[in-house]
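> Sequence first, predicted coordinates after that:
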Amino acid sequence: MRRLACLVLLLCCTLARAETPETDWLELMPPEDRKALEEMPEISHDTPEADGTFDQQGGLKQRDKNLPAVMYSAKTVAALDGKQIRLGGYPVPLETDAKGHSTLFFLVPYAGACIHVPPPPPNQIVLVRYPKGIALDDIYAPIWIEGPLKVEQVSNDLADAAYAMDAGVVRLVEEGDL
């Protein structure tokens, strides 16, 4: 009996430590948006940003009004609302605490999204609230976020996001994760 109790305890501890499976960014897009993205023609990068000169406004908001509609899409996947997920991406810091740790940031699928053309659509941007804060010394270093995803429209001067998360875990991606 004692041995069975130990095995049950070991199994419970192992399950408790198991990471939430990774969610792919494309899972945040409804099927019709994924299809439209796959069929989208190549986008020109002949812009001032590509030449190293940047628009004063910058940010993640779509400024080119001639892109396919999928690049402006805020359509979400309702089944993800409230679902515990783990998502990897790159931070765009918004707010820091007294220690300089980021407590509010956007997570985007690729590094430098705030200066690349075009920025991701709103359904590929997640606003992350993390009161514990994380030191983000390099915004080109990928991070993991984990917590319940919310379908929540967020708009500010920098970006429009279709999702948000009150993250329970935020950490840098480590070599062992790859």
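Good, I have the coordinates. Given the structure is predicted, the values throughout are model-derived calculations rather than measurements.

> quick one: low-confidence parts of this protein?
1-18, 43-59, 62-64, 114-117 (pLDDT under 70).

> so where do the strands sit in it?
Per DSSP state E, the chain carries strands over the ranges 84-96, 102-108, 126-134, 143-155, 160-166, 169-172.

> Same list, these, but as TSV with mean neighbour count please.
Using the backbone N, CA and C atoms, a C-beta is placed for each residue, glycine as well. Shown next, in TSV, are the strands of the chain (neighbours: other C-beta atoms under 10 Å):
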stretch	mean neighbour count
strand 84-96	18
strand 102-108	22
strand 126-134	19
strand 143-155	18
strand 160-166	21
strand 169-172	16
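
> between those strands, which gets nearest to residue 73?
With C-beta to C-beta, the closest approach to residue 73 among the strands of the chain belongs to strand 160-166: 7.9 Å.

> quick one: contacts of stretch 28-39?
The contact list for stretch 28-39, computed with C-beta atoms under 8 Å, 6 or more residues apart in numbering, reads 26, 68-70, 73, 75-77, 80, 121, 123-124, 126, 162-163.

> rewinding a little: in TSV: the strands of the chain, plus distance to residue 38.
As requested, those are exported to TSV (distance: least, C-beta to C-beta, whole Å):
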stretch	distance to residue 38
strand 84-96	20
strand 102-108	20
strand 126-134	22
strand 143-155	23
strand 160-166	19
strand 169-172	31
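
> nearest to residue 42, of those?
Among the strands of the chain, the nearest to residue 42 by C-beta to C-beta is strand 102-108 (20.3 Å).

> strand partners of that closest one, parallel vs antiparallel please.
strand 84-96 (antiparallel), strand 126-134 (antiparallel) (DSSP bridges).

> would you list every one of the helices in the chain?
2-17, 31-39 (DSSP state H).

> can you pull up the bridge partners for the residue nearest to the spatial centre of the chain?
Among the residues of the chain, the one closest to the centroid is residue 107, at 3.3 Å (C-alpha atoms, centre = their mean). Taking DSSP bridges as the rule, residue 107 bridges to residue 91, residue 126.

> can you tell me how far it sits from residue 35?
24 Å (C-beta to C-beta, to the nearest Å).

> Touching, residue 154 and residue 161? I think so.
Yes: here residue 154 reaches residue 161: they are 4.4 Å apart, a contact under C-beta atoms under 8 Å.
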